[in-house]
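> Test case, fold it:
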Amino acid sequence: MEPRPLTYDAQGQGDALVLVPGGLTGWLSWIPHQARLASTRTTIRVQPIHNELGSAGQVGDPSYTAEIEREALRMTLDSLTLNRVDFAGWSGGGRALLEFALAYPERVRSLALVEPAAYWILEQLGESATEVEHTNRFLRRIQFHDVSEEDLAEFLRIAGFVRPGEDARAHPNWARWLPHRNALSWQSEAADRSGRRVEELRRIGCPVLLVRGDATAPWLRRVVDVLAGLLPRASVRDLAGDHACHIQSIDEFLDALETHLAAAR
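Coordinates of the predicted model:
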């Protein structure tokens, strides 16, 4: 597989803000944020290749890598003639933006990362808790295969969308999540890890807003803690909610994001 410019939707005028989604529903998750942010800036939702193809029912391609993900985003900026912009990423999108910022620091004015799913950080630090090991085993089991409803329910528990003992199918968002489940089959080791070392993260010198939910999975909270200690210009904002806290507490998230963006300018 080769990188290519991503599908995107741009609205508004002014300084550019690029929104990178997580690994399940993709760019749909950023629609309510874009609608409000576009009143003051050019707000661009991108659809990563794995989200686009996975949501169309295609299972993961073993040749898809973090490098392809990174270069596809770069090609998208090039096609839009955007040199240096602000970024916000959720979950897998936050993990991808860490790699992008390391490879192309000159293209990044600021980062807002909502619970980046960079579990490789904990592994390198020797903090492979049971949760992280279970997540790893689960993702390796479903990679490159059709994702079942049972697999989707397990992912929702791992990511903290559904609490232990709760029926995932009873969640009000189940019908919205279900059609996109094959996007999860793209989360292979080559896609989730770029070969970076934890110490390299200290080189990300732009302002970084780290966001986490107060009811999210402990391993996701721990990733934010580690990043807060490594990134030289990081700040942390806790919001009410789980892994989707930036949606559940959208007013508070957008207030924090606007403050962050103003400071970056």
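
> Quick one: end-to-end distance for stretch 23-35.
One end of stretch 23-35 to the other measures 21 Å (CA to CA, to the nearest Å).

> Contacts made by that stretch with the rest, please.
With CB atoms under 8 Å, 6 or more residues apart in numbering as the test, stretch 23-35 has contacts from 7, 9, 11, 19, 21-22, 43, 45-48, 50-52, 55, 88, 90-92, 117, 155, 176-177, 180-181, 183-184, 186-187, 244, 246-247, 250, 253-254. In short, each C-beta sits where N, CA and C put it, glycine included.

> just how off-centre is that stretch within its chain?
11 Å (CA atoms, centre = their mean, to the nearest Å).

> residue nearest the centroid of the chain?
Of all residues in the chain, the one closest to the mean position by CA atoms, centre = their mean is residue 93, 2.3 Å from it.

> Pop out the phi and psi values for the residue of the chain positioned farthest from its centre.
Ranked by distance from the centre of the chain (CA atoms, centre = their mean), the top residue is residue 165, with 26.0 Å. Note on residue 165: its backbone torsions stand at phi 90, psi -20 [degrees, to the nearest 10].

> going forward, begin numbering at 9 instead of 1
I'll keep to 9 as the first residue from here, and by that count the last item is residue 173.

> quick revisit: if any of the contacts of stretch 31-43 are buried, put those into a PyMOL selection.
Of these, the buried ones go into a single PyMOL selection, burial set by 16 or more other CB atoms under 10 Å:
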select buried, resi 27+29+30+51+53+54+55+56+58+59+60+63+96+98+99+100+125+163+185+188+189+191+192+194+195+252+254+255+258+261
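
> can you tell me which of the contacts of stretch 31-43 are in strands?
15, 17, 19, 27, 51, 53-55, 96, 98 (DSSP state E).

> for this structure, what spans make up the helices?
39-45, 57-63, 74-87, 100-111, 128-132, 138-150, 157-166, 182-185, 197-200, 226-238, 253-256, 258-272 (DSSP state H).

> Those helices into a markdown table, with extra columns for distance to residue 11 and mean pLDDT?
Putting the helices of the chain into a markdown table (distance: least, CB to CB, whole Å; pLDDT from 0 to 100) gives the following:
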| stretch | distance to residue 11 | mean pLDDT |
| --- | --- | --- |
| helix 39-45 | 24 | 98 |
| helix 57-63 | 8 | 97 |
| helix 74-87 | 4 | 98 |
| helix 100-111 | 12 | 97 |
| helix 128-132 | 21 | 92 |
| helix 138-150 | 22 | 87 |
| helix 157-166 | 26 | 94 |
| helix 182-185 | 27 | 96 |
| helix 197-200 | 13 | 92 |
| helix 226-238 | 26 | 95 |
| helix 253-256 | 27 | 97 |
| helix 258-272 | 27 | 97 |
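
> ends of stretch 246-256, how far apart?
12 Å.

> now swap in stretch 191-201 and tell me
Termini of stretch 191-201 sit 17 Å apart (CA to CA).

> So what touches it?
In contact with stretch 191-201 (CB under 8 Å, 6+ apart) are residues 31-34, 58-59, 61-63, 67-70, 72-74, 77, 100, 103, 125, 127-128, 147-148, 150-155, 159-160, 163.

> repeat that with 6 Å
Outside stretch 191-201, the residues within contact range by CB atoms under 6 Å, 6 or more residues apart in numbering are 31-32, 58-59, 62-63, 67-68, 72-74, 128, 147, 150-153, 155, 163.

> Tell me which of the helices of the chain lies nearest to residue 212.
helix 100-111 (4.9 Å; CB to CB).

> can you give me the angle the closest one makes with strand 50-55?
Computed by axes from the mean of the first three to the mean of the last three CA atoms, to 10 degrees, the angle separating helix 100-111 from strand 50-55 equals 110 degrees.

> any idea of the angle helix 100-111 forms with helix 226-238?
20 degrees.
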